[in-house]
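Participant: here is my input; please provide its structure:
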Amino acid sequence: MSASARHVPNELRRDSAEAASGCAGGDARTGAQVPADDADGFYADREHLASAKQAADIWAARLAANAKDFESAYKLAKARYWLGTNGLPEPERKAALEGGIAAARAAIASSPNRPEGHFWLAANMGALAESFGIRQGIKYRGQIKDALLTTLKLDPAFLDGSADRALGRWYYKVPGMFGGSNKQSEMHLRKSLTYNPGSIISHIFLAETLADMGRKDEARKEAQAAIDAPLDRNWAPEDRRFKEQAKRLLQRLR
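Facilitator: Numbering: from 1, shown residues only. Reported below is the predicted structural model:
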């Protein structure tokens, strides 16, 4: 094991040898073969679990070989977030998100003045807090907000205002006695929509906040906007799921 790899947490070194050898796979979008070392190509096909795992394994192997590989670190955090929220069977998701946190911390250690590590740290923590009980929520609540505020400070426009969108969700989800506020939620969500007016998930989150404030007509309008918005080609797998979520939300609001 190289000196740099020794300093990478064990969860970042998963299946390094297998990932390094790799195997070519298909890209569902085009039917073309993805080169064995093309992690981005595999990730683009992430709706297929094998492709998502292959992308994560390649980035994990690269990070194990070089603990300062910022790009592999944040992309691994992103891939593990997907696996922990969409791809893996339920019993495996918590470990994926914890691995995503470790990868995001590696990205921050490598490049603390870049937004990617901070944002994906917050995303993985947020998924843990939302899906795995109150203890996870208490554990990560403050760290999530701090990471998002850092992202916002470094690059407010990062990923089309994703930090504002995530902060809007934070304020919606956290109880008022711990800093939650629907007013702050609405403010951040509307700000995020100034960067990308067609963001499906921002419209859904805003609809839920407005509904919680008793503004159901506005909430229905936002849910419908999510349904009507076109898919973002870079986030189509997520957007397809969000559109189904928007349809269910609109039914509840009727």
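Participant: with adjacent residues omitted, what lies nearest to Leu152?
Facilitator: Ala163 (4.3 Å; C-beta to C-beta, 6 or more residues apart in numbering). Placement of C-beta: from N, CA and C, glycine included.
Participant: for the closest residue to Ser131 other than its chain neighbours, report the pLDDT, please.
Facilitator: Excluding its sequence neighbours, the residue lying closest to Ser131 (C-beta to C-beta, 6+ apart) is Arg93, at 7.2 Å. Model confidence at Arg93, given as pLDDT, is 95.
Participant: quick one on the thing from earlier: tell me the mean pLDDT for the helix or strand hosting the residue nearest to Leu152?
Facilitator: When secondary structure is defined by DSSP states H and E, Ala163 falls within helix 162-173. The predicted model assigns helix 162-173 a mean pLDDT of 96.
Participant: before we move on, what about stretch 66-76?
Facilitator: Taken as a whole, stretch 66-76 has an average pLDDT of 98.
Participant: the helix holding Ala163 packs against which elements?
Facilitator: The elements that helix 162-173 packs onto, with contact taken as 3 or more C-beta pairs under 8 Å, 6 or more residues apart in numbering; DSSP states H and E, are helix 115-131, helix 134-154, helix 182-195, helix 200-212.
Participant: of those helices, which shows the lowest average pLDDT?
Facilitator: Mean pLDDT values for these show the minimum at helix 134-154, a mean of 86.
Participant: how about that one: buried residues?
Facilitator: The neighbour-count criterion (16 or more other C-beta atoms under 10 Å) identifies 136-137, 140-141, 144-145, 147-148, 150-152, 154 as the buried residues of helix 134-154.
Participant: which of those residues lies closest to Lys243?
Facilitator: Relative to Lys243, the closest of those is Leu148; by C-beta to C-beta it sits at 24.8 Å.
Participant: residues in contact with the closest one?
Facilitator: Under the criterion of C-beta atoms under 8 Å, 6 or more residues apart in numbering, the neighbours of Leu148 are 118-119, 122, 163, 166-167, 170.
Participant: what is the most widely separated pair among the residues you listed?
Facilitator: Across those, no pair lies farther apart than His118 and Trp170, at 13.8 Å, counting by C-beta to C-beta.
Participant: neighbour-wise, which of those two wins?
Facilitator: Neighbours were tallied for His118 and for Trp170 using other C-beta atoms under 10 Å; the higher tally belongs to His118 (27 against 23).
Participant: return the one helix or strand Asp57 maps to as CSV; C-alpha atoms alone will do.
Facilitator: Secondary structure assigned from DSSP H and E places Asp57 in helix 49-65. What follows is helix 49-65, C-alpha atoms only, in CSV (Å, rounded to 0.1, in the frame of the first residue of the first chain):
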residue,chain,number,x,y,z
LEU,A,49,-27.0,-0.1,-10.1
ALA,A,50,-24.0,-1.9,-11.6
SER,A,51,-23.0,1.3,-13.4
ALA,A,52,-23.4,3.4,-10.3
LYS,A,53,-21.3,1.0,-8.2
GLN,A,54,-18.6,0.8,-10.9
ALA,A,55,-18.3,4.6,-11.0
ALA,A,56,-18.0,4.7,-7.2
ASP,A,57,-15.4,1.9,-7.2
ILE,A,58,-13.2,3.6,-9.8
TRP,A,59,-13.2,6.9,-7.9
ALA,A,60,-12.6,5.0,-4.6
ALA,A,61,-9.6,3.3,-6.2
ARG,A,62,-8.2,6.6,-7.5
LEU,A,63,-8.6,8.2,-4.1
ALA,A,64,-7.0,5.2,-2.4
ALA,A,65,-4.0,5.7,-4.7
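Participant: helix or strand right after that helix?
Facilitator: The element immediately downstream of helix 49-65 (helix or strand, assigned by DSSP H and E) is helix 70-82.
Participant: burial measure for the residue lying closest to Ser111 once chain neighbours are set aside, as a count.
Facilitator: Counting by C-beta to C-beta, 6+ apart, Phe70 is the residue found nearest to Ser111 once chain neighbours are left out, at 4.6 Å. Burial of Phe70 is recorded as 18 neighbouring residues (other C-beta under 10 Å).
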